[in-house]
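**Q** sequence and predicted structure are below.
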Amino acid sequence: MRRDYYATDLAVTFFLFMIGASEATHLYGAFLRKPFSMCSVLFAVIAGAACLFLAFFLYLYQRRKRKTVGKSPIAPLKATELVMAVILLLLFLSQAVYIVLGKGVCRQGDITIETVGSFLQSGSVYELNPLTGRPYTAGMPFRWKIVGLPTLYAILCHTFSVEPVVLVRSVIPVAVLLFSYAAYFCLAGSLFPDNRSKRLVFLLVMALLVWVGDYGMGMEGYHLLHGGWQGTTIRNAVLVPYTVSLCLRRKYLHGVLCCLAEACLVWTGFGLGACAFVLTGLLLAGPVVSGFAGDEGRTGGGKEELQ
Amino acid sequence: MTELLKAALHGWGQFISDGKVAILLVAALLFLRAYYDKLKSKELWIYSTFAAVCCMIPVTAAVLMLYQTKVYPYYWVWSVVPMTAVVGYAVTVLLTEYLPEQGPKGKSRIVPVTLMLLAIFLLSGSLDTAELANKEYRNRKPGVMTEQEETAAEDTARVLAEVKKRFADDRIVLWAPREIMEYAIEYDSSVMLLYGRNIWDASLDILVDDVYPPEIYELQNWMDRAESGDDPKACMTGPEVVRGYLTVAAANGVNCILLGEDTEADTVKLLENMWDTEAERLEGLYLFVKRGNDNE
């Protein structure tokens, strides 16, 4: 099985780094009681450093790949692949339009917009009770105070002068949908590394399941289409599939990044985290497969098809 | 633990009652088991089967709920099962590996099988056209804002924009009917509220430690009843009681009150006298603005 990285790996890893940068900024603002303007500067510095690191990593990776594999040209799309790619694009666009139209938003148990608004209003992190806009009288539980997602949204609102309701309800869910597709693209690459048609079929099924799963809570489609800004949605639709994709490529250390990102998004909401559970499960499943069928069994043993 | 077990016991039935993606997952796992020897990603099948079985059996599901710190409902335990990935994997293997391997007969079945799968997908979830044609469908989706609520949110944004014009640089401390209070702070974070929406939605209480004193609940009750018109006599409990409520509101910094258009003339008059102001009609509401108060 090929263990290459794809361009979409870069996109999802960039997203993970941004989550990490926002968490660092959030902790700085919330526990050292620093003004929000300083938090924005700190975020820009950390995010910039993360981008540089990623660019440097990409450069090293490409250089090593060229030395070992050489430059491999991308084969042109076949007619059926082109049709599938167009349908995939249409499915994605239909979902993005549905989200932007903002019909059927799920706000039950969620105060993200109010929290982002309170950060921007007070110029600080968690100084105002987001539900009333007044200063806290008793504070808030520690387990929620350390979740850094609202800080990321507030920084984006502050930087691009966007209203919280627009950013949180329309922009972020579309971005999360895009990252979800990117994560599933990586997963498709892990499952069918040498066959683009199979990857496209897999992605089409995934895109269809987003619409199909729109019926109820706990389904990826429902959360992507009705609450894409929530940490639990990012976990289920981006982090978990990406963790699976990394584990199938035996990139377990990279998978730990997903576990850390989840900790920044939902923290104690799922014990040690769903990603950690998936990572451990797939790590243990490897020896089980090898135990039954030897190492050949683990990779299917069959000849990998060429593109 | 008993409660968790009960939740896990009923959870599975509930989980598959609305849509059938979980059933698709079971079918996908069974198909992949039949094709196991030729699978290239056996770990995915082993792990997903293990995780799915854990979610279905009440005891292990309860343990998973314990792992997710007991805060969240049953359906969140399914976060550890890569459902979309497994269904997608099975369908792709079926259409691109299993059927072509059956020779020309298998290949000729690819199109009908694809169409059949599409039909199954459509019937498995919310793409069921009979459901979509039903106008009330969206209003039955759990947790999703109804059209009525969306209209209330849009009205709130419009009302607040008008109210703000009366306040110049002062911060507004608002007390209004529920449909305004619910959305006010979302659309304008500079507004302060007498109470937030956790007063109606107890699930939000885990997000803040602040609690409201009993008199705030009395005010909320009065406003909600006055607004709904359920019990007009009960909400007009005499000028002295109403005066008491308004005094408590003012003591909590309220400088802007909105009352429903059904509010009795006596109450409107009383408030006008107390605040030395004149009620304005705004989008079917009475607006009272207190001048020269000391805001928070």
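**A** The structure has been received and is ready for your questions.
**Q** what helix or strand does residue 93 sit in?
**A** All of this is about chain A. helix A:79-101 (DSSP states H and E).
**Q** that's the wrong chain, I wanted chain B
**A** Residue B:93 belongs to helix B:83-93, assigned by DSSP H and E.
**Q** quick one on the thing from earlier: what's the helix holding residue A:93 in contact with?
**A** Here helix A:79-101 makes contact (CB atoms under 8 Å, 6 or more residues apart in numbering or on different chains) with A:77, A:170, A:173-174, A:177-178, A:181, A:196-197, A:200-201, A:203-204, A:207-208, A:210-211, A:224-225, A:228. C-beta here means a position set from N, CA and C on the backbone, and glycine is covered the same way.
**Q** put the alpha carbons of it into PDB.
**A** The C-alpha trace of helix A:79-101 is given here as PDB (Å, rounded to 0.1, in the frame of the first residue of the first chain):
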ATOM      1  CA  ALA A  79     -14.600  10.500 -19.800                       C
ATOM      2  CA  THR A  80     -16.300   8.500 -17.000                       C
ATOM      3  CA  GLU A  81     -13.900  10.100 -14.400                       C
ATOM      4  CA  LEU A  82     -14.800  13.500 -15.800                       C
ATOM      5  CA  VAL A  83     -18.500  12.800 -15.400                       C
ATOM      6  CA  MET A  84     -18.000  11.600 -11.800                       C
ATOM      7  CA  ALA A  85     -15.900  14.700 -11.000                       C
ATOM      8  CA  VAL A  86     -18.600  17.000 -12.300                       C
ATOM      9  CA  ILE A  87     -21.300  15.200 -10.300                       C
ATOM     10  CA  LEU A  88     -19.100  15.400  -7.200                       C
ATOM     11  CA  LEU A  89     -18.600  19.100  -7.700                       C
ATOM     12  CA  LEU A  90     -22.300  19.600  -8.200                       C
ATOM     13  CA  LEU A  91     -23.100  17.600  -5.000                       C
ATOM     14  CA  PHE A  92     -20.500  19.700  -3.100                       C
ATOM     15  CA  LEU A  93     -21.900  23.000  -4.500                       C
ATOM     16  CA  SER A  94     -25.500  22.000  -3.700                       C
ATOM     17  CA  GLN A  95     -24.400  21.300  -0.100                       C
ATOM     18  CA  ALA A  96     -22.500  24.600   0.100                       C
ATOM     19  CA  VAL A  97     -25.500  26.600  -1.200                       C
ATOM     20  CA  TYR A  98     -27.800  24.800   1.200                       C
ATOM     21  CA  ILE A  99     -25.500  25.900   4.100                       C
ATOM     22  CA  VAL A 100     -25.200  29.500   2.900                       C
ATOM     23  CA  LEU A 101     -29.000  29.800   2.500                       C
END
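**Q** anything in the next helix or strand after that helix near chain B?
**A** Where DSSP H and E defines the elements, the next helix or strand beyond helix A:79-101 is helix A:112-122. Yes - judged by CB under 8 Å from any CB of the partner chain, helix A:112-122 comes into contact with chain B through A:113-114, A:117-118, A:120-121.
**Q** and residue A:221, how many neighbours does it have?
**A** 26 (other CB atoms under 10 Å in any protein chain shown).
**Q** so it is in which element?
**A** Counting by DSSP H and E, residue A:221 is found in helix A:220-226.
**Q** re the thing from before, just the buried residues from the contacts of helix A:79-101, in ChimeraX please.
**A** Listed next is the ChimeraX selection for buried residues among these, using 16 or more other CB atoms under 10 Å in any protein chain shown:
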select /A:170,173,174,177,181,196,197,200,201,203,204,207,208,210,211,224,225,228
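**Q** can you sort out which of the contacts of helix A:79-101 also neighbour chain B?
**A** Among these, chain B is touched by A:197, A:201, A:203, A:208, A:210-211 when using CB under 8 Å from any CB.
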